[in-house]
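A.B. asks: Generate a structure from the sequence data that follows.
(chains A and B)
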Amino acid sequence: MQAALLKSIDSVKTLSIVGMCKNAGKTTVLNWLLGRSRDRVLGLTSIGRDGESTDVVTGTEKPGIFVSEGTLIATAKDMLPLSDVTQEIVHTTGIPTPLGEVVLVRARSAGNVQLAGPSITSQLKTVSDLFFSLGAEQSIIDGALGRKSLGARSVAEGVILCTGASYDMRMEKVVSDTANIFRIMNLKRAETVPAESEKPLADTLKETGEALIPGALTDTAVVPLLKNGVLKNVRLVVQDPSKILLSPDTLDKLKIRNVALETVEAAKVLCVTVNPVSAYGWKFDADAFSEAMAAAVNIPVINVKEEAL
Amino acid sequence: MISIGFEDQVKIGLRYILDSLHTSSPFGTERVRKLRFYAPDEREALEAELSCTERAANAIGTLRPLYEKIMLVLCQLKDVRGSLRRLSEGAVLDHVELFEIKGFLLRIADLIPLFDRMNETVQAETIAFTDPTDALNVLDPEGTRSRGFYIPDGATEKLRAIRAEKKRQEARLYAAPDAEKDAIRSERTRVCAEEETEERAIRGTMCGRLLPHVSEMLSDADAAGHLDLLIQKALFAAAYGGVRPEITEGALELRDMVNPELADLLKAKGRAFVPVSIAIDRGATVITGANMGGKSVAMKTIALNVLLFHAGFLVCAGSARLPMLECVRMLFDDAQSMQSGLSGFGSEIVRFNDALKEVENGFSLLLLDELARGTNPDEGALIVQAVTQYLNGLNAISILATHYDGVAEHARFHYQIIGLRDVDPDAIRSELSAVHEDGVAVIARHMNYGLYRVEGKADCPKDALHICRMLSLKPEILERIEREYR
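C.D. replies: I've put the predicted structure just below:
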């Protein structure tokens, strides 16, 4: 793996791993991260429940999460008996989950852990802060699927985006959808944030040429403004990428009209990992998949099945 | 035993005070939620509580920083009583529960020296903590006193051997080629299972050794709650000028008492609460006055301070002499009366009967605000006169607010709202013509809500006539009224 990428992974204090689908290779990436920095203290948690040894959806064998001695883990109390590390309970957070309160454990031996962390981003931030106060050098958040994990980016500086053949049988679709998510997640960070305005979006844009979108940015709001020509050479700022609910087509049109789409708080996508093997039985050509993915994004693409990882 | 419903707590301003307390621990919060009133046979305990609240309040100038430190420790206390109960039922507690108990004991250990320093001044003899060292040694055999909970390798020789083997397997796992890893993993899984079994046995032993300390820990939790509330009582007294009441056999005397909720409310409007004084005893006391709110306020303030006293608070007054009571009951005019389906008057009589039943069980305080106000004045006056006469014979201090004539002469004590007694109507009239303000507001500003004792026979004050004059009622009508009065 490229030295530059390793450096960028090490440089972020909080890192979240986001999967496009199940069996995208998230856990493989996580285990690799945990294995390569055995001499550093890492904090590890997840959004919600993850880390079963058998995938409950597909029934395929999944790799367990294996941590080294000294790792800090934030997980729900009911998950503790399912982990085989020697445990030191260091903190109880008061954060409730369906599986009990989130508890901070220091692994006093290496071993397998089961993660079920907080499901609210502000709580993830609390947990990360606790990790750092207990001496962790980096906090890693294992993201679940879908939008929820996009939200986690407000607490993570860096993101690793995992995709794979399990997402869809058509390689083109996997590549284009992943590229679309990447595009949204990697929007430019706004240097200045426009003032909030009570006026209709069209008026604000006509007056100032820029606008802060208070909630989500949807096709329903954007398409009419594209049609009547208001959206041209202007700047739209959203709070974070999870607020962008636009179709790839609309995103393209905004680009053609020279509309700058920016975020107030943005994580940096560090790399995309690909898993050419699907849990459902099909398989892509590894090189073709990696190349197609690399052509669609301007950051490193790594095959999780490769030896190098 | 005094018990007081939520509605009444709100009405007299007790809830306001309880809501303003910032207890730090779950145990202190529970004490506020289930506020306990001392019964007459607990006089010594109440005396002790009041004395130490007084000392804690008096020392606030020097001890406030210490109180804050104590509160900081208290707010870290978690409620471990559920685990302690499971422990005494013979359950083997898990890692997290043992962690919480260890945390509890560590915080009690932090609390003790702070409490000892506070106690040099406050001498809270009813609060005591047990030295948690023995219990802590069970959970922290190596004496690290770290915040975390961990079963150390040296807990048993067997565990030490298992953990060493586990480490060895892990080292093998990192070094071995992939083909051998599965075999090492299953070997390791076996060791992990052994570790779990041994740890469980050790936790079982720990729980057995903790068992003798359960009652101490429960009593420490209780003491922490007591200390928590004591500090809040002291802070409350400092904020509202509390005074320690002298306990009497029957006399109820409150000089310059204040109702904090109303005082704060008036303060926000740039006005001040007029302190109220009263000195009464067993039998019926009648408070009369014009219909502008002063009577209810006086009664609510009396009820509030009597209840604060029974809960071991200093009372909001210049000085106080109060008896210990079996029961406090109050009937204030409110919307509740509509719920029972009876007319306002009917339901009032039902509630009055219920209250009487309780009041007749022991020395009590009964407060009746405008009884029988919902019926016609002639009949109402007769009813209230009869009630007053009856209440004179009860082993109770009864206070009736009324504006019916002819009631006060049957009462043992008669108080009147000062109202507009000392105000010159002409002065108000000229003020009214000078400022273009709501006339009612101007009069309210001049109204004196204080009480004065009426000796001998006296009827209700004729404030209504005063008010008519001040508001310049049509002279033809005014003349007629004045003629009737003469």
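A.B. asks: contacts, neighbours, all on C-alpha from now
C.D. replies: Noted.
A.B. asks: quick one: stretch B:443-454 to chain centroid distance?
C.D. replies: 29 Å (CA atoms, centre = their mean, to the nearest Å).
A.B. asks: just the strands in the stretch 151-300 of chain A please.
C.D. replies: A:158-164, A:188-189, A:210-213, A:217-218, A:235-238, A:244-245, A:260-263, A:268-275 (DSSP state E, counting those that start in this stretch).
A.B. asks: do you know which of these lies nearest chain B?
C.D. replies: strand A:268-275 (20.2 Å; CA to the nearest CA).
A.B. asks: Most tightly packed of the strands of the stretch 151-300 of chain A?
C.D. replies: strand A:158-164 (a mean of 26; mean count of other CA atoms under 10 Å in any protein chain shown).
A.B. asks: Run the angle between that strand and strand A:268-275 for me.
C.D. replies: If you take axes from the mean of the first three to the mean of the last three CA atoms, to 10 degrees, strand A:158-164 sits at 20 degrees to strand A:268-275.
A.B. asks: Counting by contacts, list what strand A:158-164 packs against.
C.D. replies: Packing partners of strand A:158-164 (3 or more CA pairs under 8 Å, 6 or more residues apart in numbering or on different chains; DSSP states H and E): strand A:14-19, helix A:171-185, strand A:268-275.
A.B. asks: again, only using 10 Å
C.D. replies: helix A:3-11, strand A:14-19, helix A:26-36, strand A:138-145, helix A:171-185, strand A:268-275, strand A:301-303 (3 or more CA pairs under 10 Å, 6 or more residues apart in numbering or on different chains; DSSP states H and E).
A.B. asks: Give me the sheet partners of it and which way each runs.
C.D. replies: Using DSSP bridges, strand A:158-164 pairs in its sheet with strand A:14-19 (parallel), strand A:268-275 (parallel).
A.B. asks: Quick one: mean pLDDT for the shortest one?
C.D. replies: Confidence over strand A:14-19, taken as the mean pLDDT, stands at 88.
A.B. asks: coming back round to it: for the helices and strands packed on strand A:158-164, which one ends up most surrounded?
C.D. replies: Of all those, strand A:14-19 has the most neighbours on average by mean count of other CA under 10 Å, namely a mean of 27.
A.B. asks: If I look at the residue lying farthest from the centre of chain A, what pLDDT would I see?
C.D. replies: Of all residues in chain A, residue A:207 has its C-alpha farthest from the mean position, at 35.9 Å, by CA atoms, centre = their mean. At residue A:207, the predicted lDDT confidence score is 82.
A.B. asks: one step back: could I get the strands of the stretch 151-300 of chain A as TSV with distance to residue A:225 and mean pLDDT?
C.D. replies: Formatted as TSV, these follow (distance: least, CA to CA, whole Å; pLDDT from 0 to 100):
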stretch	distance to residue A:225	mean pLDDT
strand A:158-164	32	89
strand A:188-189	22	82
strand A:210-213	13	86
strand A:217-218	12	86
strand A:235-238	12	88
strand A:244-245	16	83
strand A:260-263	14	87
strand A:268-275	29	89
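A.B. asks: Could I get the ones you listed in TSV, plus columns for distance to residue A:28?
C.D. replies: Below are those laid out as TSV (distance: least, CA to CA, whole Å):
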stretch	distance to residue A:28
strand A:158-164	10
strand A:188-189	29
strand A:210-213	37
strand A:217-218	34
strand A:235-238	33
strand A:244-245	29
strand A:260-263	30
strand A:268-275	10
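A.B. asks: what's the neighbour count on residue 280?
C.D. replies: You didn't pick a chain, so chain A it is. 15 (other CA atoms under 10 Å in any protein chain shown).
A.B. asks: my question was about chain B
C.D. replies: 21.
A.B. asks: Who is it paired with across the strands?
C.D. replies: Going by DSSP bridges, residue B:280 forms beta bridges with residue B:252.
A.B. asks: which is the next helix or strand following the helix or strand where residue B:225 lies?
C.D. replies: Using DSSP states H and E, residue B:225 sits within helix B:214-240. Next helix or strand after helix B:214-240 toward the C-terminus (DSSP H and E): strand B:242-243.
A.B. asks: Please spell out which residues along the helix or strand following that following strand are buried.
C.D. replies: For strand B:242-243, the following helix or strand on the C-terminal side (DSSP H and E) is strand B:246-248. Residues residue B:247 are the ones in strand B:246-248 that count as buried (16 or more other CA atoms under 10 Å in any protein chain shown).
A.B. asks: Likewise for stretch A:202-211?
C.D. replies: A:202, A:204, A:205, A:209, A:210, A:211.
A.B. asks: give me the low-pLDDT residue ranges for chain A?
C.D. replies: Per-residue confidence for chain A (pLDDT under 70) gives these ranges: A:1, A:50-63, A:144-154, A:307-309.
A.B. asks: what does it have sitting close to chain B?
C.D. replies: Within chain A, the positions lying close to chain B (CA under 10 Å from any CA of the partner chain) are A:35, A:68-69, A:77, A:80-81, A:83-92, A:101, A:103-106, A:108-111.
A.B. asks: Now, those residues that are in helices?
C.D. replies: Members of the residues of chain A next to chain B lying in helices (criterion: DSSP state H): residue A:35.
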